[in-house]
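Novice: sequence below, structure please.
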Amino acid sequence: MTPEEMSDRMEIDDLLTRYATGLDQRDWDLWQSCFTSDALIDYTASGGIRGRLPEVRSWLESVMPLFRAFQHLVTNREVSIDGDVATSRAAFFNPMVVGGEAASLFFEGGYYCDRLVRTDQGWRIAERVEESVYSTRSMPIRPPRP
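Specialist: Residues are numbered from 1 along each chain as shown. Predicted structure coming up:
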């Protein structure tokens, strides 16, 4: 592996970690910095939405407050780089807590399947498709209606 390939892989690894950190800290600017401005994000496999970056950010901002606690772990990364484009398939494990005093803990697991591009700001996710493998959730999670 060349030094450039090692650097690219480290930057992509940091990008995937930054994504999880942005979600877990509800830092939507940090989360958004992981994507290209025209990114397509598809969370439908786990009951979410499919859309462009601004729409998905708005949806996350409305849905994530429904959870009392959560953690997004991104691991087992498979990365393939071809010049200024790359693909990644990374496992995720998300314990989630919903509810008040009678809180319920459930788990989501699957893969983030990404198409990445090298930009002037570094590697960014141009397309993310979530692939669900399992969920222990027994009810749909919906944002409150206005």
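Novice: and the helices in this protein, which stretches?
Specialist: 3-24, 28-32, 53-63 (DSSP state H).
Novice: and residue 80, which of those is closest to it?
Specialist: Of all those, helix 3-24 sits nearest to residue 80, with 10.2 Å by CB to CB. The C-beta positions use only the backbone N, C-alpha and C, and glycine is treated the same way.
Novice: what angle do the closest one and helix 53-63 make?
Specialist: 40 degrees (axes from the mean of the first three to the mean of the last three CA atoms, to 10 degrees).
Novice: pLDDT weak spots in the protein?
Specialist: Applying pLDDT under 70 to the chain picks out residues 139-146.
Novice: one more time with 80
Specialist: 100-102, 138-146 (pLDDT under 80).
Novice: where do the strands of it begin and end?
Specialist: When assigned using DSSP state E, the strands of the chain occupy the ranges 35-42, 50-52, 67-70, 73-82, 85-98, 104-119, 122-135.
Novice: mind putting these in JSON lines, distance to residue 59 and mean neighbour count included?
Specialist: Converted to JSON lines, the strands of the chain look like this (distance: least, CB to CB, whole Å; neighbours: other CB atoms under 10 Å):
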{"stretch": "strand 35-42", "distance to residue 59": "9", "mean neighbour count": "17"}
{"stretch": "strand 50-52", "distance to residue 59": "7", "mean neighbour count": "15"}
{"stretch": "strand 67-70", "distance to residue 59": "14", "mean neighbour count": "14"}
{"stretch": "strand 73-82", "distance to residue 59": "20", "mean neighbour count": "14"}
{"stretch": "strand 85-98", "distance to residue 59": "16", "mean neighbour count": "18"}
{"stretch": "strand 104-119", "distance to residue 59": "16", "mean neighbour count": "18"}
{"stretch": "strand 122-135", "distance to residue 59": "13", "mean neighbour count": "17"}
